[in-house]
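**Student:** Build the 3D model from these lines:
(chains A and B)
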Amino acid sequence: MSAKDEILGRIRTALADAPRVEEVPRSYRTTSSLSEEELIELLVDRLVDYKAGVDVIDAADIPTFVASKLDAAHSVVYPHGLDTGWLQAVPESVQRHMDAPGSMLTIPELDATSAVVTSSAISVAESGTIILDGEPDQGRRAISLVPDHHVCIVPVSTIVQLLPEAMPRLEVTRPQTWISGPSATSDIELERVEGVHGPRTLDVLIVRGL
Amino acid sequence: MSQVFLGMPAPGAGNLFAEEQFPAAAHRELGNTQLRANLRHATHTIRDKRIRVVGELPDWEALRDAGSAIKDASMANLDQRLEEFEKNFTARGGIIHWARDADEANQIVTRLVRDTGSDEVVKVKSMATQEIGLNEHLEAQGIAAFETDLAELIVQLDHDKPSHILVPAIHKNRTEVRDIFLREMPQVDPALTNEPAKLAEAARLHLRKKFLSAKVAISGANFALADTGTLGVVESEGNGRMCLTLPETLITVMGIEKVLPNWQDIEVFMQLLPRSSTGERMNPYTSLWTGVTENDGPQNVHLVLLDNGRTRALSDKFGRTALNCIRCSACMNVCPVYERTGGHAYGSTYPGPIGAILSPLLTGIEAEENNSLPYASSLCGACYDACPVKINIPEILVHLRGEDVDSKRGKKLLPTQMDLLMKGGSWALSSGNHLGLLEKALPLGKLVAGKDKKIKKLPGIAAGWTSSRDLPAPPSKSFRDWWKSEKEGK
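**Tutor:** Purely as a prediction, here's the structure:
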């Protein structure tokens, strides 16, 4: 008998008493009534608490802010679906690498790149969570992981208050990364320290009118 | 007996066994004052954080109710959920392997690693691989496994054992960690201080090359979503993302109980888990993957589904809810016993209140020294209050104590003192006449107590009671006698 058949058989034997299944009570919050300004304020508060850099800006100011965030960078990678207009103010001295399905940067190349600029799919204000789902304006997972500095664009129209509000807007079978602040650890005396293996600097640009 | 043919639930193996009785292990650990200071500091820090972030959510209790019910529902149809998961995961390019026990899982993983031609792997912290002793097995087969979670790294470098399921090095303080790094990391800066930020940076430098060059990664999983075939890992440091994203081959080892019916169910668990475990509103990183995605992440994706005693636990209808555990560790952080003895005293991979029920449920109460674990509790109930999926740990502890007593019945040639005491108690309390007869002996107790009206030493096993306290002398007559004389007096 295969291990699969045996384990499934064991489960059926174990459940011979046919445990009764109750209807799952879902009285937790699934809708919110916060205004746009309140949503922004909540998300900013959470991200600042995680020690992320946060600016709330207008769409027209994206190029200026992206350029200023990349002030100290010598190179930047961006996914092929990103609006390249957002990078137009980045100085010529900063090398630009587009990562696309046909021309992907190698891991050592990503490691040698100072920063990454991506958009994001949806953000949950209450927990300060930014969700990336691999859409062309966010790219594959490695590009937002290996460079040590992540500049992430969060359109105001993609902010919700509660996690259950984000779920219907997600395509779960895409590879997802939920980001709540820069990498961190609490492994030594349960004291939180920001900056371990993932990007040690996370700059979030929350964009009105986008 | 077709059910027997189809497979009887079997006990688990691996690192699930206490090596000595809990009282003996606890006694030894309690003598370590540094350990007690470290644990007190750490558990109190995390308790305060948890209470703060849990208090923020007006619907916390509603989330707990939902989490508990979803897990119950999943467990009640576990066979169907697993088959559904397998179908969806496989359709997206993942490969599933089934392992009856620790040994079979270890062999499968070894073969999968060998097939890649690699002789080393990077690992994301995983309770399942700890439980089956995967690292030791791989090492014996000539494959080096590198732990990448900071706490697991500390434990591995120190050749120690984890003592907590979330923060395996909770028993070490910052100076001890610094000393381990100085001793065991080849290229470490000799001027390394004990600041947690500096220690984290040393770990980053130590592991960076490994991450960027690893061909094979091994992970656990926090959940599997049946209706989409998706796996999820919840972490903080980015070591998980590194392992789940950069290597060509990803091998995940997961207990069969981790499957959830609907992918939307993570909206409940991703609110319950981070707040209960690290006391954060959300953990820094969560990764979800569904089989293989072209041009993104590992292209060879395997999942080993592990029984190892889980079906045995599932067959215990009073104990099966222990399988609902989402490994948050809130129960151990609030436990007065864990806070004092630490995790090593429990022997098994799973320490604390959940370990005291889960280990004997997975192995059977008779296994080795696990029969002492259900007694490692004052039944205060703090664990039940803290559990995000409302596992009634105290009730299961009492159930297992009963199982322990039953398992010993009939095995002994002579009754123990406790058996005789209980038999005597049963006789005395079974009728008023019996009790009245015994009460006639009360003045005898007064005589034994002597002038200071204290009994300082009882015989036999009752000596345990008087070893640290005196027993007051009994009154000259019983309450019932007094009542009778009062009534007759009127």
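**Student:** Nearest residue to residue 34 in space, ignoring adjacent ones along the chain?
**Tutor:** The chain I'm using is chain A. Closest residue to residue A:34 apart from its sequence neighbours, by C-beta to C-beta, 6 or more residues apart in numbering or on different chains: residue A:161 at 5.1 Å. For every residue, glycine as well, the C-beta is placed using N, CA and C.
**Student:** ah, I was thinking of chain B
**Tutor:** Using C-beta to C-beta, 6+ apart, the closest residue to residue B:34 is residue B:173 (7.5 Å).
**Student:** What of residue B:382?
**Tutor:** residue B:334 (4.4 Å).
**Student:** List the contacts of that neighbour.
**Tutor:** Residues in contact with residue B:334 (C-beta atoms under 8 Å, 6 or more residues apart in numbering or on different chains) are B:43, B:47, B:382-383, B:385-386.
**Student:** one step back: quick one: contacts for the residue nearest to residue B:34?
**Tutor:** A:189, B:34, B:37-38, B:41.
**Student:** if we can go back for a sec, could you measure from the residue nearest to residue B:382 over to residue B:72?
**Tutor:** Remark: distance between residue B:334 and residue B:72 (C-beta to C-beta, to the nearest Å) = 23 Å.
**Student:** Now the residue of chain A found nearest chain B: phi and psi?
**Tutor:** Chain B sits closest to residue A:198 of chain A, with a gap of 2.5 Å, by C-beta to the nearest C-beta. According to degrees, to the nearest 10, the main-chain angles of residue A:198 amount to phi -80, psi -180.
**Student:** residue contacts, it?
**Tutor:** Counted by C-beta under 8 Å, 6+ apart, residue A:198 has contacts A:145, A:182-183, B:237-238, B:241-242, B:284-285.
**Student:** Show me the two of those that sit farthest apart.
**Tutor:** Maximum pairwise distance among these (C-beta to C-beta): 14.6 Å, between A:182 and B:242.
**Student:** what are the ranges of the strands in the stretch 301-450 of chain B?
**Tutor:** Counting by DSSP state E, counting those that start in this stretch, the stretch 301-450 of chain B forms no strands at all.
**Student:** how would you label residue A:77: helix, strand or coil?
**Tutor:** strand (DSSP: H, G, I helix; E, B strand; the rest coil).
**Student:** So what sits opposite it in the bridge?
**Tutor:** residue A:97, residue A:116 (DSSP bridges).
**Student:** wait, isn't it in contact with residue A:113?
**Tutor:** Yes: the pair residue A:77 / residue A:113 is scored as a contact, 4.9 Å apart, by C-beta atoms under 8 Å.
**Student:** what sits in contact with each of the two?
**Tutor:** By C-beta under 8 Å, 6+ apart, the residues touching both residue A:77 and residue A:113 are A:97, A:105, A:147.
**Student:** wait, which of those is closest to residue A:120?
**Tutor:** residue A:147 (16.0 Å).
**Student:** pLDDT wise, what is the closest one at?
**Tutor:** pLDDT recorded at residue A:147 is 97.
**Student:** quick one: it from residue A:192, how far?
**Tutor:** 23 Å.
**Student:** more crowded one of the two?
**Tutor:** residue A:147 (24 against 20; other C-beta atoms under 10 Å in any protein chain shown).
**Student:** Would you mind putting the CA coordinates of stretch B:308-321 into CSV?
**Tutor:** Extracted C-alpha coordinates of stretch B:308-321, given in CSV (Å, rounded to 0.1, in the frame of the first residue of the first chain):
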residue,chain,number,x,y,z
ASN,B,308,4.3,11.0,12.2
GLY,B,309,1.7,10.4,14.9
ARG,B,310,-0.8,13.1,13.7
THR,B,311,-3.4,10.5,12.8
ARG,B,312,-2.9,9.0,16.2
ALA,B,313,-3.6,12.4,17.8
LEU,B,314,-6.6,12.8,15.5
SER,B,315,-8.1,9.5,16.7
ASP,B,316,-8.3,10.8,20.2
LYS,B,317,-11.6,12.6,20.2
PHE,B,318,-10.9,14.4,23.5
GLY,B,319,-7.4,15.4,22.4
ARG,B,320,-7.6,16.0,18.6
THR,B,321,-8.1,19.8,18.9
